[in-house]
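*Asks:* Make a model of this:
(4 chains)
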There are 4 protein chains.
Amino acid sequence: TVQHLFKQIFKASLEIQEDDNRKALLVSRKKKQEDTIVDLKGETIGDGNQRLILGPCSVESYEQVYEVAKAMKAQGLKLLRGGAFKPRTSPYDFQGLGKEGLEILKRVADELDMVVISEIVSPKDVEMATEYIDVIQIGARNMQNFELLKEVGKVDKPVLLKRGLSATIDEFINAAEYISSEGNSNIMLCERGIRTYEKATRNTLDISAVPILKQETHLPVLVDVTHSTGRRDLLLPTAKAALAIGADAVMAEVHPDPAVALSDSAQQMNIPQFQDFLTSLRDSGLYKY
Amino acid sequence: TVQHLFKQIFKASLEIQEDDNRKALLVSRKKKQEDTIVDLKGETIGDGNQRLILGPCSVESYEQVYEVAKAMKAQGLKLLRGGAFKPRTSPYDFQGLGKEGLEILKRVADELDMVVISEIVSPKDVEMATEYIDVIQIGARNMQNFELLKEVGKVDKPVLLKRGLSATIDEFINAAEYISSEGNSNIMLCERGIRTYEKATRNTLDISAVPILKQETHLPVLVDVTHSTGRRDLLLPTAKAALAIGADAVMAEVHPDPAVALSDSAQQMNIPQFQDFLTSLRDSGLYKY
Amino acid sequence: TVQHLFKQIFKASLEIQEDDNRKALLVSRKKKQEDTIVDLKGETIGDGNQRLILGPCSVESYEQVYEVAKAMKAQGLKLLRGGAFKPRTSPYDFQGLGKEGLEILKRVADELDMVVISEIVSPKDVEMATEYIDVIQIGARNMQNFELLKEVGKVDKPVLLKRGLSATIDEFINAAEYISSEGNSNIMLCERGIRTYEKATRNTLDISAVPILKQETHLPVLVDVTHSTGRRDLLLPTAKAALAIGADAVMAEVHPDPAVALSDSAQQMNIPQFQDFLTSLRDSGLYKY
Amino acid sequence: TVQHLFKQIFKASLEIQEDDNRKALLVSRKKKQEDTIVDLKGETIGDGNQRLILGPCSVESYEQVYEVAKAMKAQGLKLLRGGAFKPRTSPYDFQGLGKEGLEILKRVADELDMVVISEIVSPKDVEMATEYIDVIQIGARNMQNFELLKEVGKVDKPVLLKRGLSATIDEFINAAEYISSEGNSNIMLCERGIRTYEKATRNTLDISAVPILKQETHLPVLVDVTHSTGRRDLLLPTAKAALAIGADAVMAEVHPDPAVALSDSAQQMNIPQFQDFLTSLRDSGLYKY
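*Replies:* Model prediction:
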């Protein structure tokens, strides 16, 4: 057991070193005490105000995006999401409009002064995308697509990084580090539910991840209530929980006519539902904006 | 495929029947529209007020319990938890004081006018326990100990039923039905985290379960933030999330000196931490009492 | 960091102690090098021969059990399982014939010289059960029903302990220790699948648990292929894997007419399927008996 | 409820259509009855013979790869794996030798007449890689990197597709379909363990996935015992289980000196261990080659 003690002393030295590594992570709170505030054309994320990021799952047409954006604008909301490149389980499902989708987003952004966020799935599209959108989203399936992470680390656009389907918090933080280590430190982390045995919801919203990520890193932390739950009836209560626990922004999907949406039809809100959602959040007193 | 259609018609009939069964569940919202309000010596749970249920993990001594209860009482809190029978992974870990623990709880309850809640683990102890405690808790490991559920269904004491370690919401509701079907409808459901791959927290708090359980049943729904997270630093943020999402009560562990606690030492609050916790909850504006 | 080293030295001392505890576990290989061989009226389990434990999910009638037992006997198989007390998710599902079921099992055992195994769910039934059955099974839902474990630890009957729905291997071993610490060391461990996100099978057969349990403990290790997979078409391949990896016995369900079974109808084999199953196992060369 | 019936009839029609879609999957057994046999310079996979695919986790030097390959060759084994591009959790961990690693693999392949398999992580490297390696591996983290899947679908090289960390079997099959739908049908599926709550092993080997994948698709199915278990002591028993259940090949890691390996040091076999492993498999009678 003396031998064991020496082994432990050695192990302790190793851990001190690992701890130093963690201290060295650019995204860690140990490296930088102050919160990172991401500025999206004047909409700040991470400064104590709380934001809503809304929009359709997929960009389907100019009219569709415009209609959602107009309804958002009427409520003073500017952060618009919409998928142009859609990673889908089956190759035969709708794969998104691609670059045409980005053009639609840009046109709507220009006309209504919105900030647009869209997922990019291929390293080769990153450079091109920066001409159309304001925030590059990395989706859950690509959280450990390290080539893509490195590529978005090289451009001068904020990145919204979603947690992988079954990523640990540690893996999530390291994925952000891949981006940061290439030079881009405008990163927002988004909890979007993890895969568990429970099937009452599409995924299990890991609400505790929010305070952990805020403690461990200096980055803004978002919660996507649509993908976490996959249920329209849970968007409002989970949004309240997310705001109460300190999320810097809440993401949810809004579509003019969810029943005919080309993806995620069961979980998007229509425009009146979005308005009720917003009113309820404001009335709750939980939403600091 | 005509054959297939007929098969589906048959299946549909089956589902109608199953749906009827669900409608027939005594604990379901379909069976009873109004919320069940559980009255614990004047402390109501389920009526829109939100409660805190606090106390040590294990009952260790009269002094220990008294000290926590006194601190709670000073803050106007009456719902005291404490474990007398402790289900532990290893047979060589502290197994609780047993009946002596119940006696301590009763003595403190009598002296300070508290409402006491304690876990019972054996069907044969249920009757005896009703003489000492005000609420019988069924722990996570016993959520599908159907003999125990039936036994507590026969007594005239409220039951606090915890969700199993990896129980689905459907299984949880059916466990409550085991109790209700024996005649006892004073049941409170408690989400306490589920087992997932993520080890940053002891369990993963399934916050979405709260609104689902409130929709599907008419029973009060509680959140145990201590066992969900296993981390003292997450008690406050998760308590806020629980209150915001509509939990009827929040449970957390408080011990005069957690460092020497005989169980769960790493996650209990001491008395000053409890007071800060309470102040923060009150200041947050989230806590409706 | 000197402080850190001392902390680690302290921690190392703690770990040495924990390691000693593990060494002290009665069921551990460290405590006893030789394999425990459980003798069931001459049918040995754990001595290198491999056994099959078969029978209906639920005991429904004397005729039903007799028919299965006769078919088994014709093949030289004596280990008969059948549920008399059925822990079911819903209180309105068939709960088993209870003591009458045990009487049926005993009658068939006496007539055909079979060894009968049945689950007991309540501490108060343990003593009674020893008069009817040869092996007491503790089901997955009761793996941490410690009162029940202690009770079966006090009787002189072999115990077949199933792994809990989401029990870790460490918890499983400690559950066996609860039995052993009360004096009964005739324990068989049964892997029966764990709860995961994957729904192609009812549970996920954790095949690696078999060699781990054989390494860590001196107890026989069984695999229940029916409950692991919940699919009749996977019984044969998973049984082969279980035998190949060194399981001491394989459990599977056989029913004269699965379509009308009162439980688990989709996954039981009928008698000709059982005969094919057995022939295939024998032909595979994997089955050492 | 008549309304409900019509709804069900509509749903049934939908399901018929979905079933047709599944029938239409190019990789499905419904589309093509016969097993796909992948020919790797004369080493066939999927024809009833069972293969071993071995080699170091990472390519570290010519000498290292040569030493492993020579030991394999001496045993008549030709299928050599080795990582040149390493997807690692942290950006500061060893990322592989990149193209230099592929060159080393090719040199060893040429000198010893081996078949080499290596993971490619970026769509832009696929074309280049075809000049150096015989099989392109898609790793678990990239199973839903659809851009990469489409790219390997366009080249004339066999693809070894690993199951994602927490991919369902259905998602896994659809990932293969992404490759096949681009024209490349030489695909091998590799089960490598899924992420669960159980931490006794690095992942949980989902052994049942093997017969399910063989039923649902016509593709060869492999089992990676190293990544499933993460434990050297479990390589042999899980390899036996994999062969017994019908895997077409088993993958495991071999390194001349695992203690100094730049990745996965705890789970690779050294050369004498590999020889014992092979001898044991041959002696077991399970390995059909």
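*Asks:* and whatever residue of the stretch 101-250 of chain A ends up closest to chain B, how many residues sit next to it?
*Replies:* Of all residues in the stretch 101-250 of chain A, the one sitting closest to chain B is A:Ala244 (3.4 Å; CB to the nearest CB). Using the backbone N, CA and C atoms, a C-beta is placed for each residue, glycine as well. As a burial measure, A:Ala244 scores 25 neighbours (other CB atoms under 10 Å in any protein chain shown).
*Asks:* do the same with the one 3 residues further on
*Replies:* Other residues within reach of A:Ala247 by the criterion other CB under 10 Å amount to 27.
*Asks:* Who are the contact partners of it?
*Replies:* Neighbour list for A:Ala247: A:50, A:191, A:210, A:221-223 [criterion: CB atoms under 8 Å, 6 or more residues apart in numbering or on different chains].
*Asks:* coming back round to it: I'd say the residue of the stretch 101-250 of chain A closest to chain B and B:Ala241 touch.
*Replies:* Yes - if you go by CB atoms under 8 Å, A:Ala244 and B:Ala241 touch, sitting 5.1 Å apart.
*Asks:* contacting residues around the helix or strand containing the residue of the stretch 101-250 of chain A closest to chain B?
*Replies:* A:Ala244 belongs to helix A:235-245 when assigned by DSSP states H and E. For helix A:235-245, the external contacting residues (CB under 8 Å, 6+ apart) are A:50, A:205, A:207, A:210-211, A:223, A:225-226, A:228-229, A:250, A:252, A:267, A:269, A:277, A:280-281, A:284, A:286-288, B:207-208, B:210-211, B:237-238, B:240-246, B:284, B:286.
*Asks:* Leaving out chain neighbours, which residue sits closest to the residue most central in space within chain A?
*Replies:* Nearest to the mean C-alpha position of chain A, by CA atoms, centre = their mean, lies A:Cys190 at 3.7 Å. Using CB to CB, 6 or more residues apart in numbering or on different chains and skipping the chain neighbours, the partner closest in space to A:Cys190 is A:Leu222 (4.2 Å).
*Asks:* Return the residues of chain A in contact with chain B.
*Replies:* By CB under 8 Å from any CB of the partner chain, the residues of chain A that approach chain B are A:166, A:168-170, A:194, A:196-201, A:204-212, A:215, A:228-229, A:233-234, A:237-238, A:240-246, A:284-286.
*Asks:* Just the buried ones from the residues you listed?
*Replies:* If you count burial by 16 or more other CB atoms under 10 Å in any protein chain shown, the buried members of those come out as A:166, A:168-170, A:194, A:196-198, A:200-201, A:204-212, A:228-229, A:234, A:237-238, A:240-246, A:284, A:286.
*Asks:* Distance of whichever residue of the stretch 151-289 of chain A sits closest to chain D relative to A:Lys199?
*Replies:* Using CB to the nearest CB, the closest approach of the stretch 151-289 of chain A to chain D is made by A:Ser166 at 3.5 Å. A:Ser166 is 15 Å from A:Lys199, where distance means CB to CB, to the nearest Å.
*Asks:* repeat for A:Asp170
*Replies:* Going from A:Asp170 to A:Lys199 by CB to CB gives 26 Å.
*Asks:* Need the pLDDT of the residue nearest to A:Ser284 when sequence neighbours are not counted.
*Replies:* Excluding its sequence neighbours, the residue lying closest to A:Ser284 (CB to CB, 6+ apart) is A:Lys240, at 5.7 Å. Model confidence at A:Lys240, expressed as pLDDT, equals 98.
*Asks:* pLDDT weak spots in the stretch 101-250 of chain A?
*Replies:* Scanning the stretch 101-250 of chain A for pLDDT under 70 picks out no residues.
*Asks:* Now for the closest residue to A:Val59 other than its chain neighbours, how many residues are close by?
*Replies:* The shortest distance from A:Val59 to any non-neighbouring residue, by CB to CB, 6+ apart, is to A:Gly101 (3.8 Å). A count of nearby residues for A:Gly101, using other CB under 10 Å, gives 23.
*Asks:* Test my guess that A:Gly101 contacts A:Ser118.
*Replies:* Yes - taking CB under 8 Å as the definition, A:Gly101 is a contact partner of A:Ser118 at 7.1 Å.
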